[in-house]
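[1] sequence and predicted model, in that order:
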Amino acid sequence: MPVLLLALSAMLCAAPVTAAAGTDPLPGAAVKAAFLYNFAKFTDWQAVPAGIPLVVCVVGDEDIAAAFAETVRGQLVGGHALDVSKTPGNTRWRTCHVLFIAEEELRRSAAALDDIKALPVLTVSDGKGFAQSGIIELYLEDGKLRFAINVDAAGRAGVHISSRLLGLARIVRDSHAP
């Protein structure tokens with residue numbers, strides 16, 4: 001476990017998300033996919049029985065979905081296999097354990113996100129300000145991918161995020177929280 005945490009820390013400190021000129025833009029997607037995988041590894045869904053796969057849904061970014069599927073091939077998280085789903089519509093979001101929504105999809109998805117706020121779904125997006133309405137926001141800082149976690153939203157959703165992951169994040173609280 002310490003090796004994985006060290007790898008996640010190194011990735012946070014050194015992972016540029018922009019590709020060099022003339023290269024495939026997939027490394028940005030691969031880095032985001034690695035972050036999603038680590039978010040799943042450091043999150044506990046207590047209501048999910050052992051042996052049941054964790055469903056990871058990706059909305060609005062085929063590159064991230066493909067990179068995530070490649071990243072998790074054959075991997076287990078807490079004894080759970082990972083099932084990757086490219087979910088274009090929001091009718092199946094209730095079945096997701098991790099839901100990544102690309103920034104371009106956020107405006108269209110606001111009402112559907114409100115409907116799942118109290119469900120055990122770890123919501124993640126690269127949309128600016130997402131941590132105010134969802135759980136984890138990916139953002140760029142000094143050319144590196146970072147993340148913010150809304151601990152109030154995680155509590156409402158009933159997902160337990162490891163203190164190790166929280167220690168690497170910028171912590172956000174609901175603006176109306178006392």
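    That came in fine, so what should we check first?

[2] low pLDDT regions in this structure?
    Scanning the chain for pLDDT under 70 picks out 1-27, 87-89, 175-178.

[3] longest helix anywhere in it?
    Across the chain, the helix with the greatest residue count (assigned by DSSP state H) is helix 26-41.

[4] next secondary structure after that one?
    Using DSSP states H and E, the helix or strand that follows helix 26-41 in sequence is strand 43-44.

[5] that next one pairs with which strands, parallel or anti?
    Strand 43-44 pairs in its sheet with strand 160-161 (antiparallel), by DSSP bridges.

[6] residues contacting the partner strand, please?
    Applying C-beta atoms under 8 Å, 6 or more residues apart in numbering, the contact partners of strand 160-161 are 42-44, 46, 122, 149, 151, 154. For glycine as for every other residue, the C-beta is placed from the backbone atoms N, C-alpha and C.

[7] one more time with 6 Å, if that's ok
    Here strand 160-161 makes contact (C-beta atoms under 6 Å, 6 or more residues apart in numbering) with 43-44, 154.

[8] the helix or strand harbouring A153 packs against which elements?
    A153 belongs to helix 151-157 when assigned by DSSP H and E. Applying 3 or more C-beta pairs under 6 Å, 6 or more residues apart in numbering; DSSP states H and E, one finds that helix 151-157 contacts no other helix or strand.

[9] select from the contacts of strand 160-161 the one having the most neighbours.
    Neighbour tally across those (other C-beta atoms under 10 Å): the maximum, 22 neighbours, falls on T43.

[10] re the thing from before, want to throw the contacts of strand 160-161 into CSV with distance to T91?
    Formatted as CSV, the contacts of strand 160-161 follow (distance: C-beta to C-beta, whole Å):
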residue, distance to T91
T43, 24
D44, 26
A154, 24
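
[11] now do the buried residues in stretch 114-130.
    In terms of neighbour count (16 or more other C-beta atoms under 10 Å), stretch 114-130 has its buried residues at 116, 119-127, 130.

[12] cool, and stretch 133-146?
    Applying 16+ other C-beta under 10 Å to stretch 133-146 flags 133-139, 144-146 as buried.

[13] related to what we said a few turns ago, nearest to L168 among the contacts of strand 160-161?
    The closest of the contacts of strand 160-161 to L168 turns out to be T43 (C-beta to C-beta; 13.3 Å).

[14] where's that closest one relative to R108, distance?
    Going from T43 to R108 by C-beta to C-beta, to the nearest Å gives 26 Å.
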